[in-house]
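Peer 1: need coordinates for the following:
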Amino acid sequence: MCWSQQFDDIVWLDSNEYTQQYSSYDAVLAVDAFTAIKTDYHYAFEQLKEYQEHTRDWIFGYFSYDLKNDTENLVSKNKDELKFPDLYFFQPKKLFFLKGNVLEVHYLRMVDDEINDDFKIISSIALDELMVVPKKEKNSESSCGNLKISLSITKDVYKEKVNRMLAHIRRGDIYEANFCQEFFAKDSCINPLQTYNHLNAISKPPFATFLKMNHHYALSASPERYLRKEGQKIISQPIKGTAKRSDDTQHDQELILDLKNDPKERSENVMIVDLVRNDLSRTAIKGAVQVEELCKVYSFKQVHQMISTVVSEVEVTTSPVDIIKSTFPMGSMTGAPKISAMNIIEELEASKRGLYSGAVGYFTPDGDFDFNVVIRSILYNEFEKYVSYTVGGAITAKSDPDQEYEECLLKAKAMREVLEGVI
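Peer 2: Next up, the predicted model:
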């Protein structure tokens with residue numbers, strides 16, 4: 001087993017060398033909790049704020065979607081088989097940062113006597129080998145074997161619920177909402193490292209994540225950044241708009257052009273950009289919210305995505321946790337108006353989202369941070385033997401239920417291939 005797996009608390013963040021404007025490291029590994037905070041949604045952001053201000057150190061962890069109940073008068077009543085805590089962060093004893101050919105190592109002072117022993121192991125292997133197994137290995141070669149995936153709702157029920165959401169839109173309750181469905185396997189096991197490694201190999205996203213918290217795992221091939229703080233600058237990069245890829249270069253370029261000019265996809269993206277601008281304005285210096293990039297198409301191994309970049313500037317004294325609280329959950333995974341959309345989402349979805357459509361990332365000692373959006377991800381409760389992945393899409397007035405369902409299957413393709421061995 002790889003070196004990092006001896007620890008109960010692990011966060012591995014990998015950019016897969018994807019070219020992006022805002023980036024600090026190619027990869028980061030944080031292991032072994034010295035201190036930690038784990039809580040449900042009740043006063044979660046206030047508890048995290050106190051913890052972050054007290055540690056003033058690197059802390060790594062996640063926000064679950066259901067922290068919406070802390071930011072607004074909302075509830076989560078849908079079934080929850082994964083049973084992740086709503087919020088978890090830890091202060092690691094050991095940190096590794098990779099940038100280019102430079103590996104930077106940080107150990108807490110009280111454990112720095114372990115450096116020599118660890119380096120006898122670490123110095124002989126590459127950083128990525130601290131986290132992953134050989135890339136030819138797949139989940140099907142583990143002792144667990146392939147899984148049989150079930151759906152939380154059938155296609156017909158999905159379409160019926162999309163039509164109910166469209167009725168809300170026609171009544172003016174919402175303009176747009178992100179509607180999701182869960183795929184799951186009960187009484188099942190996976191090898192988390194092999195599963196993550198296979199998922200990452202076929203996706204190569206800029207915000208890949210392996211998270212372990214005791215018997216809870218998040219294996220993420222996320223292409224989306226939720227929120228980043230660089231000094232006083234805040235960066236949000238919502239994704240709205242998806243198209244399949246083609247092996248034929250000319251056809252692939254045509255698919256990019258079609259996505260770029262698709263009025264439905266552009267309207268989805270623009271609506272969420274407006275929502276993000278409003279969210280960022282809550283903590284921004286007056287007049288500091290700007291759209292740096294609108295509806296630009298980026299290509300990933302599995303799909304093309306339409307991404308916008310919205311930025312703002314905050315006062316030096318603004319709490320980093322308050323910035324996140326004022327924007328959470330992210331607009332790309334909720335809808336507009338946000339609170340109405342979240343209420344309707346809760347009514348129509350069959351499963352509690354939990355960590356899905358939440359965020360994984362870190363805070364720095366200086367109060368900067370960087371978090372992804374937990375999508376294109378496999379979640380696993382090893383104790384409960386429950387494996388899950390959830391996919392969704394934005395429903396607008398122009399949505400067609402059949403096309404929305406097909407988009408969900410496209411987004412689910414990589415996870416299904418990994419778990420079921422489907423090529």
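
Peer 1: quick one, strands of the stretch 251-400 of the chain?
Peer 2: Remark: strands assigned in the stretch 251-400 of the chain by DSSP state E, counting those that start in this stretch are 290-299, 303-313, 335-336, 359-363, 369-372, 377-381, 386-395.

Peer 1: who wins for proximity to L227 among the ones you listed?
Peer 2: Proximity to L227 (C-beta to C-beta) singles out strand 369-372 among these, at 5.5 Å. Quick note: C-beta positions are derived from backbone N, CA and C, even for glycine.

Peer 1: dump the strands of the stretch 251-400 of the chain to CSV, plus mean pLDDT, distance to K93 and mean neighbour count.
Peer 2: Output for those, formatted as CSV (pLDDT from 0 to 100; distance: least, C-beta to C-beta, whole Å; neighbours: other C-beta atoms under 10 Å):
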stretch, mean pLDDT, distance to K93, mean neighbour count
strand 290-299, 96, 36, 15
strand 303-313, 97, 34, 22
strand 335-336, 94, 40, 24
strand 359-363, 98, 15, 25
strand 369-372, 98, 20, 24
strand 377-381, 98, 24, 24
strand 386-395, 95, 30, 25
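
Peer 1: how many neighbouring residues does S203 have?
Peer 2: Using other C-beta atoms under 10 Å, S203 has 23 other residues around it.

Peer 1: where's it relative to Y25, distance?
Peer 2: 19 Å (C-beta to C-beta, to the nearest Å).

Peer 1: before we move on, the earlier item: can I get the strands of the stretch 251-400 of the chain in a markdown table with distance to I235?
Peer 2: Below are those laid out as a markdown table (distance: least, C-beta to C-beta, whole Å):
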| stretch | distance to I235 |
| --- | --- |
| strand 290-299 | 8 |
| strand 303-313 | 5 |
| strand 335-336 | 20 |
| strand 359-363 | 13 |
| strand 369-372 | 9 |
| strand 377-381 | 21 |
| strand 386-395 | 21 |
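
Peer 1: relative to S76, which of the ones you listed is closest?
Peer 2: Per C-beta to C-beta, nearest to S76 of the strands of the stretch 251-400 of the chain: strand 386-395, 14.1 Å.

Peer 1: beyond the closest one, next helix or strand please.
Peer 2: helix 401-420 (DSSP states H and E).

Peer 1: give me the angle between that following helix and strand 303-313.
Peer 2: Here helix 401-420 runs at an angle of 100 degrees relative to strand 303-313 (axes from the mean of the first three to the mean of the last three C-alpha atoms, to 10 degrees).

Peer 1: which parts of helix 401-420 are buried?
Peer 2: For helix 401-420, a neighbour-count test (16 or more other C-beta atoms under 10 Å) marks 401, 404-405, 407-408, 410-420 as buried.

Peer 1: likewise for stretch 335-352?
Peer 2: 335-346, 348-349, 351-352.

Peer 1: just the terminal-to-terminal distance for stretch 34-49.
Peer 2: Start and end residues of stretch 34-49 are separated by 18 Å (C-alpha to C-alpha, to the nearest Å).

Peer 1: and E17, how many neighbours does it have?
Peer 2: Neighbours of E17 using other C-beta under 10 Å come to 12.

Peer 1: the nearest residue to it once chain neighbours are set aside and G361, how far apart?
Peer 2: Leaving aside its sequence neighbours, E17 sits nearest to D26 (C-beta to C-beta, 6 or more residues apart in numbering; 6.1 Å). Distance, D26 to G361, by C-beta to C-beta: 15 Å.

Peer 1: same thing with N73?
Peer 2: Counting by C-beta to C-beta - N73 and G361 are separated by 27 Å.

Peer 1: what do you get for P238?
Peer 2: Taking C-beta to C-beta, one finds P238 at 16 Å from G361.

Peer 1: again, but for R228
Peer 2: R228 is 8 Å from G361, by C-beta to C-beta.

Peer 1: quick check: neighbours shared by those two?
Peer 2: Contact with both R228 and G361 is made by residues F369, D370, F371, according to C-beta atoms under 8 Å, 6 or more residues apart in numbering.

Peer 1: quick one: contacts for the residue lying closest to the last one once chain neighbours are set aside?
Peer 2: Take F371 and drop its neighbours on the chain: the residue closest to it by C-beta to C-beta, 6+ apart is G361, 3.3 Å away. The neighbourhood of G361, defined by C-beta under 8 Å, 6+ apart, consists of L13, F60, Y62, Y226, F369, D370, F371, N372.

Peer 1: what pairs with G361 across the strands?
Peer 2: Note on G361: beta-bridge partners by DSSP bridges are G61, F371.
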